[in-house]
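J.: quick one, fold the following:
(one chain, ligands or ions: 1)
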Amino acid sequence: MELFFHISMIVTIMVVSLTGMGRTTRLFRSRGGPMAPSEPEFPTELEGEDRFLVNPLNVDEVLSFGPRAPQGSSPGFPWDRSQLPQPQQSPIDICRCKCKSMTYQPLKLSYAKTSRNDGIVVEISNSGHGVNLKVPKAEAKPFLSGGMLSNRYIYDNIHCHWGRNDIMGSEHFIDAESYPMECHMVTFNEKYGTINEALKNKQDGVVVLTWFYKLANEDNKRLQNFLQYVPSVRENGAKIFRADQNALFFPLEVLPINQEYFAYPGSLTTPPFTEAVTFIILPIAVGISKDQLALLRTLMDDKNPSKPVLSNRREIQTLNHRTVYCVKGRVQAISREIPPQQSNDV
Ligand SMILES: [Zn+2]
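T.: Numbering: from 1, shown residues only. Alright, predicted model coming up:
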């Protein structure tokens, strides 16, 4: 056992040294930089650069945390919440310099596609504190898998957070800086069946994929595929259905430009603030125009039906000695085809 431990340590040091080479030069920010180049939405197989995401010595048992974590390693996902300080609330300010670097196999976001002309049905609604995007048909729901996740995490909804002005709208901060908007794709562990059951399981119940928007001069056309429906759900409680898979694809543009992501154990950012959420955060933002932000502020809220939702972000919470993991690698979009006859049978 002792010999195994020493060998493990040597291998670990070798791997950390190898994978660490050149890492610092890739820790860049492009908040003010050019927009992302357009890329195919659905790479169907691993692209050339993705081979770098795989451990070069093929000893992922040493590097990976989770169910296969070796004895004595740092605690990883699923989190042992009882061993972490309380409280474990979200959002937080993520400091890059303090995050712990990790390597995992690629994290994948699977989208359904259909060749049917009228696409996949989505449900757009006004929740009273913002706009909510759901996918009624189970077969059409996106899901997350791979990376640190040992199960599929099934799509529940996408919603976004914004503020009263065009500067401070995001919930999470990166290195003490905010963004005008932050969006959340809420997913739940398939083994728990529903989002409500998953929220009772704090270690691995819910994963929220998170991304940011920065101010741009032009409308974001992909985002507009979703925002075009905001005027139709302006009133609190309004709900519409549209057969429009493009409305669901707008997060895909943020995936190729992010070469790393953050992960940490946190909570819902709305009541009841349940501490059952793992945040996966893509730090490099895409653009949103002032007009698009203004459109979101026309949604009417639930407490004051005569007033719009000017801000729906929660204030920064204390990190409280939690470890934030910095994971090298992209979240990769993959597609799966739904037979036409199944796609619109809501
Ligand atoms: Zn949220």
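J.: name the spans of the stretch 201-346 of the chain whose pLDDT lies under the cut-off.
T.: By pLDDT under 70, the low-scoring segments of the stretch 201-346 of the chain are 304-305, 341-346.
J.: which parts of it are helices?
T.: Ranges of helices within the stretch 201-346 of the chain are 221-227, 290-296, 340-343, based on DSSP state H, counting those that start in this stretch.
J.: and residue 288, how far from residue 235?
T.: In this view, residue 288 and residue 235 are 23 Å apart by Cβ to Cβ, to the nearest Å. Where C-beta positions appear, they are placed from N, C-alpha and C, glycine not excepted.
J.: show the contacting residues for the most centrally placed residue in the chain.
T.: For the chain, residue 209 is the residue whose C-alpha lies nearest the centre (Cα atoms, centre = their mean; 1.3 Å). The neighbours of residue 209, taking Cβ atoms under 8 Å, 6 or more residues apart in numbering as the test, are 109, 144, 184, 185, 187, 251, 280, 282, 331.
J.: now those: which count as buried?
T.: The neighbour-count test (16 or more other Cβ atoms under 10 Å) applied to the contacts of residue 209 identifies 109, 144, 184, 185, 187, 251, 280, 282, 331 as buried.
J.: next, format these as JSON lines and append distance to residue 303.
T.: JSON lines is the format used below for these (distance: Cβ to Cβ, whole Å):
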{"residue": "109", "distance to residue 303": "34"}
{"residue": "144", "distance to residue 303": "33"}
{"residue": "184", "distance to residue 303": "21"}
{"residue": "185", "distance to residue 303": "26"}
{"residue": "187", "distance to residue 303": "28"}
{"residue": "251", "distance to residue 303": "29"}
{"residue": "280", "distance to residue 303": "31"}
{"residue": "282", "distance to residue 303": "32"}
{"residue": "331", "distance to residue 303": "35"}
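J.: out of those, who's nearest residue 97?
T.: residue 282 (18.7 Å; Cβ to Cβ).
J.: would you list the phi and psi of that closest one?
T.: Torsion angles at residue 282 (phi, psi; degrees, to the nearest 10) stand at phi -90, psi 110.
J.: residues contacting residue 320?
T.: 85, 86, 87, 88, 89.
J.: hmm, I typed the wrong one, I wanted residue 277.
T.: 90, 205, 206, 207, 208, 265, 266, 267, 268.
J.: tally of neighbours for the first one?
T.: Translated: residue 90. For residue 90, the count of nearby residues is 22 (other Cβ atoms under 10 Å).
J.: is the closest residue to it other than its chain neighbours in a bridge, and if so with what?
T.: Closest residue to residue 90 apart from its sequence neighbours, by Cβ to Cβ, 6 or more residues apart in numbering: residue 266 at 3.3 Å. Bridge pairing for residue 266 (DSSP bridges) gives the partners residue 277.
J.: surely residue 266 touches residue 279?
T.: Yes. Using Cβ atoms under 8 Å, residue 266 is in contact with residue 279, at 5.1 Å.
J.: so residue 161 touches residue 171, yeah?
T.: Yes. The criterion here is Cβ under 8 Å, and residue 161 meets it with residue 171 at 5.1 Å.
J.: tell me, what's touching those two both at once?
T.: Contacts common to residue 161 and residue 171, judged by Cβ under 8 Å, 6+ apart, are 182, 269, 313, 314.
J.: in CSV, list those along with distance to residue 113 and neighbour count.
T.: Compiled in CSV, the shared contacts of residue 161 and residue 171 are given as follows (distance: Cβ to Cβ, whole Å; neighbours: other Cβ atoms under 10 Å):
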residue, distance to residue 113, neighbour count
182, 27, 25
269, 31, 22
313, 33, 20
314, 34, 18
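J.: closest one of those to residue 340?
T.: Closest to residue 340, out of all of the shared contacts of residue 161 and residue 171 and judged by Cβ to Cβ, is residue 182, at 35.3 Å.
J.: what number of residues lie near the closest residue to residue 77 other than its chain neighbours?
T.: Once flanking residues are discounted, residue 77 sits nearest to residue 148: 4.4 Å by Cβ to Cβ, 6+ apart. Residues lying near residue 148 (other Cβ under 10 Å) number 21.
J.: next one: the one 4 residues further on
T.: Number of residues near residue 152 (other Cβ under 10 Å) recorded here: 17.
J.: before we move on, the earlier item: sitting in strands, which of the shared contacts of residue 161 and residue 171 do you find?
T.: Using DSSP state E to define strands, the subset of the shared contacts of residue 161 and residue 171 located there is residue 182.
J.: what's the closest of the shared contacts of residue 161 and residue 171 to residue 77?
T.: Scanning the shared contacts of residue 161 and residue 171 for proximity to residue 77, where the rule is Cβ to Cβ, the winner is residue 269, at 19.5 Å.
J.: for the residue nearest to the closest one when sequence neighbours are not counted, give me the backbone phi and psi.
T.: Spatially, and ignoring its direct neighbours in sequence, residue 269 is nearest to residue 314 (4.3 Å; Cβ to Cβ, 6+ apart). Per-residue torsions, residue 314: phi -90, psi 150 (degrees, to the nearest 10).
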